[in-house]
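>>> Just a sequence and a predicted model for now, questions to come.
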Protein chains: 4
Amino acid sequence: MPNAPWTGVIPPVCTPLTPDREVDVPSLLRLVDHLVTGGVHGLFVLGSTSEAAYLTDAQRRLVVEAVAAHVGGQLPLLAGAIDMTTPRVLDQVTAVTAAGAQAVVVTAPFYARTHPAEIARHYRAVAAASPVPVLAYDIPVAVRTKLPAEVVLDLAADGVLAGLKDSSGDLAGFRQVVTGARDRRADSGFSVLTGSELLVDAALAMGADGTVPGLGNVDPAGYVRLDRLYRAGDLQGARAEQERLCALFGLVSAGDPARMGPNSSAVGAFKAALHLRGVIDCPVTAEPQVPLSPDEVERVARHLTAAGLL
Amino acid sequence: MPNAPWTGVIPPVCTPLTPDREVDVPSLLRLVDHLVTGGVHGLFVLGSTSEAAYLTDAQRRLVVEAVAAHVGGQLPLLAGAIDMTTPRVLDQVTAVTAAGAQAVVVTAPFYARTHPAEIARHYRAVAAASPVPVLAYDIPVAVRTKLPAEVVLDLAADGVLAGLKDSSGDLAGFRQVVTGARDRRADSGFSVLTGSELLVDAALAMGADGTVPGLGNVDPAGYVRLDRLYRAGDLQGARAEQERLCALFGLVSAGDPARMGPNSSAVGAFKAALHLRGVIDCPVTAEPQVPLSPDEVERVARHLTAAGLL
Amino acid sequence: MPNAPWTGVIPPVCTPLTPDREVDVPSLLRLVDHLVTGGVHGLFVLGSTSEAAYLTDAQRRLVVEAVAAHVGGQLPLLAGAIDMTTPRVLDQVTAVTAAGAQAVVVTAPFYARTHPAEIARHYRAVAAASPVPVLAYDIPVAVRTKLPAEVVLDLAADGVLAGLKDSSGDLAGFRQVVTGARDRRADSGFSVLTGSELLVDAALAMGADGTVPGLGNVDPAGYVRLDRLYRAGDLQGARAEQERLCALFGLVSAGDPARMGPNSSAVGAFKAALHLRGVIDCPVTAEPQVPLSPDEVERVARHLTAAGLL
Amino acid sequence: MPNAPWTGVIPPVCTPLTPDREVDVPSLLRLVDHLVTGGVHGLFVLGSTSEAAYLTDAQRRLVVEAVAAHVGGQLPLLAGAIDMTTPRVLDQVTAVTAAGAQAVVVTAPFYARTHPAEIARHYRAVAAASPVPVLAYDIPVAVRTKLPAEVVLDLAADGVLAGLKDSSGDLAGFRQVVTGARDRRADSGFSVLTGSELLVDAALAMGADGTVPGLGNVDPAGYVRLDRLYRAGDLQGARAEQERLCALFGLVSAGDPARMGPNSSAVGAFKAALHLRGVIDCPVTAEPQVPLSPDEVERVARHLTAAGLL
């Protein structure tokens, strides 16, 4: 797949915070080093796992600047430009590219109810104004709209989109984009990336270019191994590694659903794991997320131990 | 209802745009005059009908500053502080209150999946930091979470919330807040406002303090008349006025659902009506909304004619 | 409203069961007597509150036969014909009309995904074959489709539907049917009934012909009083009675949501209340509903006491 | 996987109808022969693709009897026992097993809102009364509830369930059941089957025992080939066959969504294809489904031609 601009493992980078909930830049850079050492092929900052929805504009800018300065072009740097509609996304694109992002990742409009024709119009306007390539971010659990495969493929064919980050969990729709992009793309270059931590082997088997696993923060080397095993043709080995990572993924359910939502639990667990592994100084999550209790952190620790990570 | 801080008709003010989609301040001020002349009791800027989700931060600030300077304390000025989570909402609160808002209207967290405990935590943090009173904005069609009546009532009892703007369409839940607030509030003051244009008479009959009708942009005098008729005890007259407004509301379906989403259609129709009535200069809506076609504008015109407004 | 075939209070009649979950006919007839003594204007058997979804065909037939024989034409007897699609509904219509139902209440297709054109086709086919009038049953929480007001009004204008039982909770859509039917119906006769226990006064104020309150099993006299107060023009009295019934309705939340679904809780609470009031012998609900615990029954009892019913 | 009771390709058998919408037994038996000739490993009658939701009880019984008599134990015969709740499902189980079904396929309760505890209770009651093994049928698009993997695994471990037919499209949840069942099952035997036509290769790669493809009616030999290629270790060949079937699957969108729902379109297209291929006499679907137009049938034909089936 010579034309895919991004391939391999490109984790959405968590945003470590200080106890008073400012961006903890030293921890962030240690996390980046941990990922790079793990062998990842790119970095995606300001995604959902990065708590982009919880960071102020100033914090978002600081994250991109710090990471861009630190990695200095060693590996691709993608940044989310997460906001409700075209005019607000354009402001985000301006900010994150000024701060050093080499590509932007943009969802369908949200809050406002939308329509396929409006989604297409949105991406065309964003791409027309963006100084860097635009990837579509399909994340219905957040924006409540599934990107139709036909819309994505039309925009890819027109050179509007340079890639797709699919966190929809709909592998049949993902396959439609993978095969459609393969059939249609000639010279343009289009990357199809999955955000489904539990289905990386299946996505690669279908022809995915790469993967954007939130759990890759906790175990980057695991996802890199999975990617290598698959590409080397060791499918049984890839499946075994994937199943190990599936078991590890159970840590996202550490938080009691009677006390908190799934975001608090999953991001809280990722940060608790990074703290337990000594990568970041403080596991705090942004407001209004509910913190994990000591018992819940203990559950995270047990998952790490079982996966050989502690 | 001596304790309700806001009562009567408080329309969410549309945001007129120029053809190149900048805020059209002269049109905005003419719209404000049109509303004030119509007899409204307050103004709500940067709500959903105001296309808050489509305005940049600079545009939002300009709207509040222009309206605040124009009305100069004549009548209450509420402003939406619409963003995804607590830290971002706090930035919006700072901006809109600096620009002159006398109260802020805040939704549950969105994009991020949430939980009742997180919603309560969110409002507590926002209210603690806000220099002005905070109203909850219940709009599940946008944020995808229904505010539980019990959560709202607990926050009201604790003085965290000063009111509720309910655009959920769930009149049974609305009634639960109205009666609960009446039973619990002593000295604190709490306003229960409905955003359901088609159910104002019913909401008033249940004890609502006021109404926030998007359609009030088009026919402020109609909603003021409805409010007065109801309060004067002329229930038959109120019902007839409400039914006239229900028929007028049909204009929100002017746009073809095969070509555009419901936001494009409804906001497009409000602006087309304001343009046809000579209140604003240009009916354009923000990107990526799809504009109404001439035929669709003609449908809006027929609704205005039928309602005696053209 | 001379043309409305059904008016007033028409409760959906609970189906008392024996401890081994057979229809308890003596308790059922005592319940009918309790409702008739309470002053109700009709009976609706095999609705959702009747656990129609949980009764076998033999049990359904037995219910209709027993009630028809007992009331002997004293007051109108409506029966649900609840099944997934046209052919299966037609079998239910045949069975319940043979057993004595004077009208049938029919939902949109469910299980199968549907479409407005298919819904219209469904009602046309059912009405063409039914020996008795057909009412549409709008209950999106069960069938997952909202009946579009325009579809209902078209079918009413064509004489296909003789009424609507609206349990959607969407009072704006309900109003559209009420006013639309009033404007269009000439001689045909069409009844618009609300199933929203908490909004009866509002529905009557909009022009509803009657009400089908599940809570009417527990307190039929309350709903009859509310209906009479409203029709006598005592709106304050009606509102006070409605608010008393709203407080009583809190009993539907007696069951712990960690242990059971909302059906188990609500139907379990209605039956517990009827048992506590001495109307039925056994409060058991059909499988696989989870029974209320003694503590949860005690919560029901406290609601009854507060409402002056125990 | 020696313990899986059912493996390979087990298509949900369409139910051919006569022009007056009675079961067309000769066409049904020709369809069965077409499937058996295609090499399938079992038959699933009265599933969603079989229009079970649209067949009367008499028609359902006729289908099972006819197929059971025809295949005479040559290959496993599974039958849906599709109804709303436990008591009604038990009646269906009695009927289809009396008619010759060797296993029953049962959904979670629907129409009635449900809960994981009620779902477990439902399956335990059904299995306790069923004379044949019970498979869970996970089809949220129809019943609106996703079967939680943990509930399925607990019931499998207790011997309540003998298998899962997963039509949820959620391959991550499917994987959780596959790996969980593999880890937990010792002697009991449990079959994990996917109903996702577009993801068969991925499901097999995860460890699925078999597949239940609706599209298998149209091209049984294709799905059998895919199954064989995968099991023979020819993963590239399997993927190519899967991609050919994915393209063919496009026929389910033949129907215009402005005129009909997705059921009418998909089942209508399967039957049109079977009619065009000369397998069944008449492509009619059950009421209230909307028939395909001649143009829409032509679209189906083009898909068949492209796939080499016409």
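That came in fine, so what should we check first?
>>> Now do the buried residues in the helix or strand of chain A with the lowest mean pLDDT.
Lowest on mean pLDDT, DSSP states H and E among the helices and strands of chain A sits helix A:171-184, with a mean of 93. For helix A:171-184, a neighbour-count test (16 or more other C-beta atoms under 10 Å in any protein chain shown) marks A:171-181 as buried. Quick note: C-beta positions are derived from backbone N, CA and C, even for glycine.
>>> Got the phi and psi for whatever residue of the stretch 51-200 of chain A ends up closest to chain B?
Using C-beta to the nearest C-beta, residue A:115 is the residue of the stretch 51-200 of chain A that sits closest to chain B, at 3.4 Å. Dihedral pair for residue A:115: phi -160, psi 150, per degrees, to the nearest 10.
>>> related to what we said a few turns ago, so how far is the least confident helix or strand of chain A off the chain centroid?
The chain centre lies 20 Å from the centre of helix A:171-184; the measure is C-alpha atoms, centre = their mean, to the nearest Å.
>>> Can you report phi and psi for the residue in the stretch 1-150 of chain A that chain D sits nearest to?
Nearest residue of the stretch 1-150 of chain A to chain D (C-beta to the nearest C-beta) works out as residue A:150 at 10.1 Å. Torsion angles at residue A:150 (phi, psi; degrees, to the nearest 10) stand at phi -60, psi -40.
>>> Do a quick rundown of the helices in the stretch 1-150 of chain A.
In the stretch 1-150 of chain A, the segments counted as helices under DSSP state H, counting those that start in this stretch are A:25-38, A:57-71, A:86-98, A:116-129, A:140-143, A:149-157.
>>> could you dump these to JSON lines with mean pLDDT and mean neighbour count?
Formatted as JSON lines, the helices of the stretch 1-150 of chain A follow (pLDDT from 0 to 100; neighbours: other C-beta atoms under 10 Å in any protein chain shown):
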{"stretch": "helix A:25-38", "mean pLDDT": "98", "mean neighbour count": "18"}
{"stretch": "helix A:57-71", "mean pLDDT": "98", "mean neighbour count": "19"}
{"stretch": "helix A:86-98", "mean pLDDT": "98", "mean neighbour count": "21"}
{"stretch": "helix A:116-129", "mean pLDDT": "98", "mean neighbour count": "19"}
{"stretch": "helix A:140-143", "mean pLDDT": "96", "mean neighbour count": "19"}
{"stretch": "helix A:149-157", "mean pLDDT": "95", "mean neighbour count": "20"}
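>>> Go through the ones you listed and name the closest to residue C:37.
helix A:140-143 (52.2 Å; C-beta to C-beta).
>>> does residue A:165 count as helix, strand or coil?
In three-state terms, and counting by DSSP: H, G, I helix; E, B strand; the rest coil, residue A:165 is strand.
>>> which ones are touching it?
Applying C-beta atoms under 8 Å, 6 or more residues apart in numbering or on different chains, we find residue A:165 in contact with A:44, A:47, A:105, A:135-138, A:193, A:195, A:212.
>>> Repeat the analysis, applying 7 Å as the threshold.
Residues near residue A:165 by C-beta atoms under 7 Å, 6 or more residues apart in numbering or on different chains: A:105, A:135, A:137-138, A:193, A:195, A:212.
>>> which one among the residues you listed gets closest to chain C?
Using C-beta to the nearest C-beta, residue A:138 comes nearest to chain C of the contacts of residue A:165, at 22.5 Å.
>>> Relative to residue A:157, how far out is the closest one?
Distance of residue A:138 to residue A:157, computed by C-beta to C-beta, to the nearest Å: 17 Å.
>>> Show me which residues of the stretch 201-310 of chain A are close to chain B?
Neighbours of chain B within the stretch 201-310 of chain A, by C-beta under 7 Å from any C-beta of the partner chain: A:259-264, A:286-290.
>>> Output those as a markdown table; include the columns pLDDT.
Formatted as a markdown table, those follow (pLDDT from 0 to 100):
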| residue | pLDDT |
| --- | --- |
| A:259 | 96 |
| A:260 | 97 |
| A:261 | 97 |
| A:262 | 96 |
| A:263 | 96 |
| A:264 | 98 |
| A:286 | 98 |
| A:287 | 98 |
| A:288 | 98 |
| A:289 | 98 |
| A:290 | 98 |
